[in-house]
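In: next one to model:
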Amino acid sequence: MRLEGKVAVITGTASGIGRAASLRFADEGASIVGADITEQSNHATEQLVQDAGGKMIGTTVDVTDDASVAAMFGLAEREFGRVDVVFNNAGVMLPGDHDALTTPDDVIDRTLEINVKGVIHGCRHGVPALRRAGGGSIINTASFVASVGAATPQIAYTASKGAVLALTRELAVIHAREGIRVNALSPGPLATEMLMSYLDTPEKRRRRLVHVPMGRFGDPAEMANAALFLASDESSYMTGSNLLVDGGLTAAYVTPEE
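Out: From the prediction side, this is the model:
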């Protein structure tokens, strides 16, 4: 098993990538502390992991609240004795997120608070926990839009994921000699509830898929497999990197013919 004996703290585990990663990591031997602000759905993830024979403790966490994030790591160390993997995955894509001319300030502020500040909080408390364990892996969920523009405008989300990518690189440099690796996972468009609710018309979905050489939306389980690689010792010489798992989108990003 690729994560045998390791403890992973994962945020955003109520659905999507976080749920898939919880199942995948547990299947590979990790004990999971899975955090989300949506208690009922997160409990469902906890039950799925346990029904499959894995170990997971679900906890309600607001990643914008520093004390809440600190308590999450305290729980992990109390219950499992250590933390080896931190997967800062929680994020939002809010209604009203469009271009710089029309996106309301409250949408911008909330998006940055969760998607950027939440990652900073996860690293603020995750790094000391990893130090106590003798090192480990931090994975931050960015996005393909951190590398290229989005055909369907989402200025706050794009800015937030660009910030996550920049944070990842700097943290990797700062902590490399401590045995702490920090990498970004940049998914392409996924068939998740979050994205499908944003791409809420056939035209919006067509405009997104026209850029994907594989011609389909990705599956959260495919992102969980990529995160597993970053969490495991198989990526031991990898830090400060951006792992793009995007169906070829960033390799062939062109403006569609009108």
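In: average pLDDT across the longest strand along the chain?
Out: Scanning the chain for the strand with the most residues, using DSSP state E, yields strand 180-187. Across strand 180-187, pLDDT averages out at 98.
In: next one: stretch 220-238
Out: Average pLDDT, stretch 220-238: 98.
In: how far away from the center of its chain is it?
Out: Offset of stretch 220-238 from its chain centre (CA atoms, centre = their mean, to the nearest Å): 12 Å.
In: can you dump the C-alpha coordinates of that stretch into CSV?
Out: Only the C-alpha atoms of stretch 220-238 are listed here, as CSV (Å, rounded to 0.1, in the frame of the first residue of the first chain):
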residue,chain,number,x,y,z
PRO,A,220,-12.8,13.4,-9.5
ALA,A,221,-11.3,9.9,-9.1
GLU,A,222,-8.7,10.8,-11.8
MET,A,223,-7.7,13.7,-9.7
ALA,A,224,-7.5,11.5,-6.6
ASN,A,225,-5.1,9.3,-8.4
ALA,A,226,-2.8,12.2,-9.2
ALA,A,227,-3.0,13.5,-5.6
LEU,A,228,-2.1,10.0,-4.4
PHE,A,229,1.1,10.2,-6.4
LEU,A,230,2.0,13.6,-4.8
ALA,A,231,1.1,12.3,-1.4
SER,A,232,3.2,9.2,-1.7
ASP,A,233,7.0,8.6,-1.6
GLU,A,234,6.9,8.0,-5.3
SER,A,235,7.1,11.8,-5.8
SER,A,236,9.9,12.2,-3.3
TYR,A,237,12.1,14.4,-5.6
MET,A,238,9.2,16.6,-6.6
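In: just to revisit the earlier point, parallel or antiparallel, list what pairs with the longest strand of the chain.
Out: Paired strands of strand 180-187, with direction, are strand 136-141 (parallel), strand 242-245 (parallel) (DSSP bridges).
In: buried stuff in the longest one?
Out: Looking back up the chat, that one is strand 136-141. By neighbour count on 16 or more other CB atoms under 10 Å, the buried set for strand 136-141 is 136-141. Backbone N, C-alpha and C define where each C-beta goes, glycine included.
In: and what of stretch 99-112?
Out: Result for stretch 99-112 [16+ other CB under 10 Å]: buried residues 103, 107-108, 110-112.
In: could you export it as CSV, CA atoms only?
Out: Output for stretch 99-112, consisting of C-alpha atoms alone and laid out as CSV, is shown next (Å, rounded to 0.1, in the frame of the first residue of the first chain):
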residue,chain,number,x,y,z
ASP,A,99,-15.4,39.5,-15.5
ALA,A,100,-13.7,42.4,-13.8
LEU,A,101,-16.4,44.8,-14.8
THR,A,102,-19.4,42.9,-13.4
THR,A,103,-18.2,40.6,-10.6
PRO,A,104,-19.4,42.0,-7.2
ASP,A,105,-16.8,42.7,-4.5
ASP,A,106,-18.5,40.3,-2.1
VAL,A,107,-18.0,37.5,-4.6
ILE,A,108,-14.4,38.4,-5.1
ASP,A,109,-13.8,38.7,-1.3
ARG,A,110,-15.5,35.4,-0.4
THR,A,111,-13.7,33.5,-3.2
LEU,A,112,-10.3,34.8,-2.2
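In: residue ranges of the strands in this structure, please?
Out: 7-11, 31-36, 55-60, 85-88, 136-141, 180-187, 242-245.
In: TSV for the ones you listed, including distance to residue 251?
Out: Below are the strands of the chain laid out as TSV (distance: least, CB to CB, whole Å):
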stretch	distance to residue 251
strand 7-11	29
strand 31-36	33
strand 55-60	36
strand 85-88	26
strand 136-141	20
strand 180-187	13
strand 242-245	9
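In: OK, contacts around residue 242?
Out: The contact partners of residue 242, taken as CB atoms under 8 Å, 6 or more residues apart in numbering, are 142, 146-147, 165, 168, 183-184, 186.
In: let's see 10 Å
Out: Contact partners of residue 242, counting by CB atoms under 10 Å, 6 or more residues apart in numbering, are 140, 142, 144, 146-147, 164-165, 168-169, 183-186, 250.
In: got a PyMOL select line for the buried ones in these?
Out: Those of the contacts of residue 242 that count as buried under 16+ other CB under 10 Å are selected in PyMOL with:
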select buried, resi 140+142+144+146+147+164+165+168+169+183+184+185+186+250
